[in-house]
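Chemist: Everything below, folded, please.
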Amino acid sequence: MFNNSLKKEALSIHEKALKEYNQSYQRMTDWAETLYTHRVEAENQIKKIELVVNSVANTPKEYDTKMGNVRQQLINFRKTREYAQEAYDAAAKAGKNIAGGAAAGLGVAAMAPTALMGIATTFGTAATGTAISALSGAAAQKAAVAWLGRTFASFAVTGGTAGMAAGNAFLALAGPVGWGITAASTGVSLITMTNKNKEIADKAVSEAKEIIKARGSLDESATKILHLSMRTTAIAKQLPMERIESFMNADYKNLSGEDQYFLGQTVDLVETLSVLLNETVS
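Modeler: Sure thing, here's the model as predicted:
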């Protein structure tokens, strides 16, 4: 058949691009999950240090300001996770309503909580105070494709109320990787729309180019995530918990100059660590 070899080669290029994209996507999500795990460990460490510092009498006034900043960062981190959980629950519910069967919702329900939280805390959520139910329109549909492309590919790509519902739920989590997943998840659908070899080849190559560009975005995000994770663990390691906990209920005025310096350094480090809990990748 005319142009059959051209079509075959183009589809091979597309398949390779998609495979490499998915590998990059998996790596990025794995690193985001690892970052989240490190952040939860840091959160617990910060809370313990907060208790110790607050128990020390007669500390300098600046400690109150710095520890107040720490408390706010802890609150923000908690709110992000709560918002992500809301999105998760709404998406799972939307999935169960597809075709009236619960099986369709298993894909979302089976997502590892740490993976979901990793994405949410790495890329951030929608604007503070925006209700998920208020998110709709083209952006919501694109988000449906972006975050639920693998689970509800046929529904999300063709649109419909199910795809919109899922998009509403996950728009809060649609970071810069969303466009990449859109390209990857819609490619096969676009290619199989026609049986004209030349047209198929052109669409396959065009889509492959978009997937390759999207992969570049994923790899860039993955590198940023890795660096953020390394910074988080590096600071956490500078906080020796056993020595810090020895200051519980101490009186700052009775501490040696060395201990006062150490406690001040601890407050500075824990403030920096708390900021990293909420630093996002763009």
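Chemist: residue contacts, residue 273?
Modeler: Taking CB atoms under 8 Å, 6 or more residues apart in numbering, we find residue 273 in contact with 42, 45, 46, 232, 235, 236, 239. Where you see a C-beta, it was placed from the backbone N, CA and C, and this is true even at glycine.
Chemist: helices or strands next to the helix or strand hosting residue 232 in the packing?
Modeler: Take DSSP states H and E as the rule and residue 232 turns out to sit in helix 197-237. Contact partners of helix 197-237 among helices and strands, from 3 or more CB pairs under 8 Å, 6 or more residues apart in numbering; DSSP states H and E: helix 4-55, helix 178-191, helix 257-276.
Chemist: Tell me the helix or strand right after it.
Modeler: Note on helix 197-237: by DSSP H and E, the next helix or strand toward the C-terminus is helix 241-245.
Chemist: Show me what that next one is packed against.
Modeler: Using 3+ CB pairs under 8 Å, 6+ apart as the contact criterion, the elements in contact with helix 241-245 are helix 4-55.
Chemist: Return the helix or strand in this protein with minimum mean pLDDT.
Modeler: Across the helices and strands of the chain, mean confidence by mean pLDDT, DSSP states H and E is lowest for helix 153-158: a mean of 34.
Chemist: quick revisit: for ChimeraX, write a command that selects the buried ones of the contacts of residue 273.
Modeler: Buried members of the contacts of residue 273 can be picked out in ChimeraX with the line below, counting by 16 or more other CB atoms under 10 Å:
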select :42,45,46,232,235,236,239
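Chemist: So for residue 221, which of the helices and strands packed on helix 197-237 sits nearest?
Modeler: With distances scored as CB to CB, the stretch of these nearest to residue 221 is helix 4-55 (5.6 Å).
Chemist: Check which helices and strands the closest one is in contact with.
Modeler: The criterion is 3+ CB pairs under 8 Å, 6+ apart, and the helices and strands that helix 4-55 contacts are helix 61-97, helix 113-123, helix 178-191, helix 197-237, helix 241-245, helix 257-276.
Chemist: pLDDT on that helix, on average?
Modeler: Helix 4-55 comes out with an average pLDDT of 87.
Chemist: Could you do stretch 258-277 as well?
Modeler: What stretch 258-277 shows for mean pLDDT is 97.
Chemist: what do you get for stretch 86-96?
Modeler: pLDDT averaged over stretch 86-96 gives 60.
Chemist: Please apply the same query to stretch 65-72.
Modeler: The model assigns stretch 65-72 a mean pLDDT of 97.
Chemist: Number the residues from 23 up from this point.
Modeler: Sure, I'll start numbering at 23, so the last one becomes stretch 87-94.
Chemist: So which residues make contact with it?
Modeler: Contacts made with stretch 87-94 from outside it, assessed by CB under 8 Å, 6+ apart, are listed as 68, 72, 75, 76, 289, 290, 292, 293, 296, 297.
Chemist: Try it again at 6 Å.
Modeler: Stretch 87-94 is touched from outside by 75, 289, 292, 293, 296, with contacts defined as CB atoms under 6 Å, 6 or more residues apart in numbering.
Chemist: With stretch 39-55 instead?
Modeler: By CB under 6 Å, 6+ apart, the list of residues contacting stretch 39-55 reads 136-137, 140-141, 144, 206, 230, 233-234, 237, 240-241, 243-244, 247-248.
Chemist: from those, which two are the most distant?
Modeler: 136 and 230 (32.1 Å).
Chemist: So for those two, which sits in the more crowded spot?
Modeler: Under the criterion of other CB atoms under 10 Å, the comparison of residue 136 against residue 230 puts residue 230 first, with 23 against 14.
Chemist: Between the contacts of stretch 39-55, which sits nearest residue 80?
Modeler: Distance ranking of these against residue 80, using CB to CB, places residue 144 first at 40.0 Å.
Chemist: Could you find the closest non-adjacent residue to that closest one?
Modeler: Nearest in space to residue 144, with sequence neighbours left out and distances taken as CB to CB, 6 or more residues apart in numbering, is residue 54 at 4.3 Å.
Chemist: gap between the one you found and residue 248?
Modeler: Separation of residue 54 from residue 248 (CB to CB, to the nearest Å) stands at 10 Å.
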